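Student: Give me coordinates for this.
(chains A and B)
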Amino acid sequence: MSLSTSLLTAVQSLVADTGALQITSNNIANANTPGYSRQLVVLQEATPTNDGNASLGNGVVLEGYQSVRDELVTSQIQQETQAQSGANAQLASMQQIQPTFTTSTNDIGTQMSALFTSISSLSTNPNNSAAGEAVLTAGQNLATAFNTTSSTLTTQQAGLNTQVTQDVSQINQLTQQIAALNPQLTQLNATGQSTGSVQDQQNQLVLSLSALTNVAVTQTANGVTLTTGNGTPLVVGSQSQALQTSTGSNGMEQVLDQNGTNITASITGGDLGGTIQTRDQTIPGLLNSLDTLANQFGAAFNAAQAQGFNQKGSAGTNFFTIPTTVTGSAAAISMAITDPTQIAASSDGTAGSNGNLANLSAVQTNALPAGETPGNAYASLVYQVGSLTSNATAESTATTASLLQLNNQLSSVSGVSIDEESSNLITYQTAYEAAARVVTTVQALFLVTMSMGTAAAD
Amino acid sequence: MRVANMVPDVQYAMQQSQQALSSALQQVSTGLRVNQPSDDPAAAANMVSSLAESANVDQYTSNVSSVTSQMQTADSAISSVVTSLNAAITMGTSGASGTTSAANKQAIATQVEGVLSSVISQANTSFQGVYLFGGSATSTPPFVAASSAYTSAQVSTSPPLTATLPLTAGSVTTVSDASTGKTFVFVVTAGETISDLSAAIAGAATAGTLSAGTTATINATGQLQIGTNSSADGIVVTSNDPVLGAMSADSGTGVANAYAYVGNSSVNSVKVGDSMTIATNVPGDQLFTSGTNVVGSLNSLITALHTGTDAQIGAATAAVSTALNDVGEQRVPLDNTISELNSQDSYLSQEKLTLTTQETSLVGVNLATAATNLSEAETANSAVLAVASKVLPETLLNYLAPG
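Tutor: As a prediction, this is how the structure comes out:
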């Protein structure tokens, strides 16, 4: 029991409060830092001293800080981010594809309809070269509409292909950075130091990685182990395993793991997953429908043309030039005839007969080999594009809302509240002031003690 | 629940309400609920067929108007023919009267020749380049002056023709006979020769398609000559066979007042509705030669006036009268078609209205609803902004004394 002990206790308190203030200040400073988990001041009572029968307290010790986390919510956020980025990647592509299928003056549906009305118009005056030219122009416009739509899809696909390479290179950078943090965590844990800020950094990197691809995260005291969808390890301890890309037989970049195994199909989440899904499933599906339509429409039109005779009395020749294979038909379809006299309007070889125009018109209402009329086949495509876009929008909206909830949930645990920190600030300020007052008081008492028995003491 | 930071919630709410505002604004400004397929995929798909149908209806309407004009032109041509025939009957009646002198009969014959040429010019009526009475051969005048003989143009550039010379497969040679009012068509199948053509023409002459005695022979200079037995009969020969070359009328063999029909007996049809097709012309042979023999009866009248007895002139006049009645009958379906076209026109306007209504209900927006939505979205957005302005600046720091 001594004044010196009180002084020491007060000094300890000043040190602890300074530390607490620094932690509070750090919380305030990082209030808006992404991935930051708020730090709690850990104060502990010092071991008391036994003085006779009395056990007297020895003040306070600042043990350090503790980052407040919720591993479950963090992992849910990673999952949801994978879903959101995947949906956003698909949505971005579909939003660029969709305008080509929107009713306008240039879309396939409008041009197809214009071709048939031009034929109907020609039927009222089969000799009129202007009406014949109008049919050729409408045919050319339809071929162009097919070409443009196909090129929009393939351009988009090529863009996504480049995106795959970029995503893989970003994934490799991130896994390297994540792996580099693992040994730091091990070391901090071994020496019993706080791992908070390193852990925050690593979580943030894993979140960025989740935005790119689907990864399975296993948290251990010594950092994370990351594997891809099919179990291929990405990060184990301090080692990161780089993914590679290589051009596949279809001309598209394939994702390979370190052993060269093709893992493209198992990548389902994140930007890379969404990109691969759109590139390998959605766009090829649309292209196939489009090619089938262009090919069968062209063939049906040519067949109707062959049933009649042109203005010179010879059998009708092909109206459209179409490739023999379905693939690439929409990109390659073009006009085969350039002169209105080559339109096979006549059914009997007489110039001026319009009998065969009815066969050309019938292409509009007859089912193509695929089972639908050309108009309905195109309408199905429009429906497909519309519903793909609207599903991607819905998925993106839903995951955004759900991420907001999860982030709020995480923020309620780990987020810095300025109000809370402000009140902590007052608490530690007051504590510091009180401890300082103790020092002043002890100093006064020392002075009193030292001047005992002197005149000044009176 | 501990709330650390309200910014994300406020930002999300602002984004949501601004998105709602923007889509309400777009609906009001475009008047459309579906601006792109993703707004309503099913409606967008339905629009494709609705728009195509709408474009078809527009085209049908325009077809109706152009076919109606064609029909009206044809009707007025027939009406002129009726006037001409009535005039011819008056002339014939006066020619048949015993008091008319021979010189006057010749003069009347000349007048009837004028009537015939006016009838032919009506029969060759075209509307915007479409000949109305040639069947489906609408690009050339259906009635042409006939000759009694035609010779192929193949002369010195090629070896003289022989009966065994093969013709070009697929080539077409036609012989239209003014007297019979019929057309003989010979389409060459591979391996057929000129002698096959000659045999076919002889067969057609026997069958009555062509006037008796019509032959195809190779003349002394090695050209194919197709001709009739009597210089009074008229034919028109065309061929697109390069072996024969073009067939030209022999000079001096023109047959006065004889016209041959070079059209055909098919008709062109035009669609004026999804399930309505209108025949746009009447074949001229049916109107003027084989069916109601207008041309033939006028020709007979001319001949009778030139050389016949009063009784023969009277009989020829009666034949013209019969032809007049037949023309009147042929005219009825034409008039019916015109009235059908008129009612189709009103039907199409109604159909167009229905389709427009359907399109509006598919992708359009009720303007009152859209305006209400817009004002609701505006209110909601202002509310969110007001809340943001209250909530965000509110911290403990505002209440702590400075220092």
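Student: contacts and neighbour counts: CA atoms only from here.
Tutor: Will do.
Student: Is the strand or helix carrying B:Q15 positioned near chain A?
Tutor: Using DSSP states H and E, B:Q15 maps to helix B:7-30. Yes. Judged by CA under 8 Å from any CA of the partner chain, helix B:7-30 comes into contact with chain A at B:8-9.
Student: For that helix, which residues meet the burial criterion?
Tutor: B:10, B:13-14, B:16-18, B:20-21, B:23-28 (16 or more other CA atoms under 10 Å in any protein chain shown).
Student: just the strands in chain B please.
Tutor: Taking DSSP state E as the criterion, chain B contains strands spanning B:126-127, B:130-131, B:143-147, B:149-152, B:172-177, B:182-187, B:215-218, B:224-227, B:235-239, B:247-249, B:254-261, B:269-273, B:276-279.
Student: got a markdown table for these, with mean neighbour count, mean pLDDT and distance to B:S349 too?
Tutor: Below are the strands of chain B laid out as a markdown table (neighbours: other CA atoms under 10 Å in any protein chain shown; pLDDT from 0 to 100; distance: least, CA to CA, whole Å):
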| stretch | mean neighbour count | mean pLDDT | distance to B:S349 |
| --- | --- | --- | --- |
| strand B:126-127 | 19 | 90 | 25 |
| strand B:130-131 | 26 | 88 | 27 |
| strand B:143-147 | 23 | 83 | 39 |
| strand B:149-152 | 25 | 83 | 53 |
| strand B:172-177 | 22 | 86 | 44 |
| strand B:182-187 | 19 | 84 | 43 |
| strand B:215-218 | 20 | 88 | 57 |
| strand B:224-227 | 24 | 87 | 55 |
| strand B:235-239 | 26 | 86 | 46 |
| strand B:247-249 | 20 | 83 | 51 |
| strand B:254-261 | 23 | 72 | 40 |
| strand B:269-273 | 23 | 91 | 12 |
| strand B:276-279 | 14 | 90 | 15 |
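Student: would JSON lines of those with distance to chain A be doable?
Tutor: Putting the strands of chain B into JSON lines (distance: least, CA to the nearest CA, whole Å) gives the following:
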{"stretch": "strand B:126-127", "distance to chain A": "9"}
{"stretch": "strand B:130-131", "distance to chain A": "6"}
{"stretch": "strand B:143-147", "distance to chain A": "15"}
{"stretch": "strand B:149-152", "distance to chain A": "20"}
{"stretch": "strand B:172-177", "distance to chain A": "9"}
{"stretch": "strand B:182-187", "distance to chain A": "11"}
{"stretch": "strand B:215-218", "distance to chain A": "24"}
{"stretch": "strand B:224-227", "distance to chain A": "22"}
{"stretch": "strand B:235-239", "distance to chain A": "12"}
{"stretch": "strand B:247-249", "distance to chain A": "17"}
{"stretch": "strand B:254-261", "distance to chain A": "14"}
{"stretch": "strand B:269-273", "distance to chain A": "6"}
{"stretch": "strand B:276-279", "distance to chain A": "10"}
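Student: Run through the residues that contact A:L425.
Tutor: Applying CA atoms under 8 Å, 6 or more residues apart in numbering or on different chains to A:L425 gives the contacts A:21, A:24.
Student: Give the buried residues for the strand or helix carrying it.
Tutor: For A:L425, the host element (DSSP H and E) is helix A:418-450. Within helix A:418-450, the residues scored as buried using 16+ other CA under 10 Å are A:418-419, A:421-422, A:424-425, A:428-429, A:431-432, A:435-436, A:438-439, A:442.
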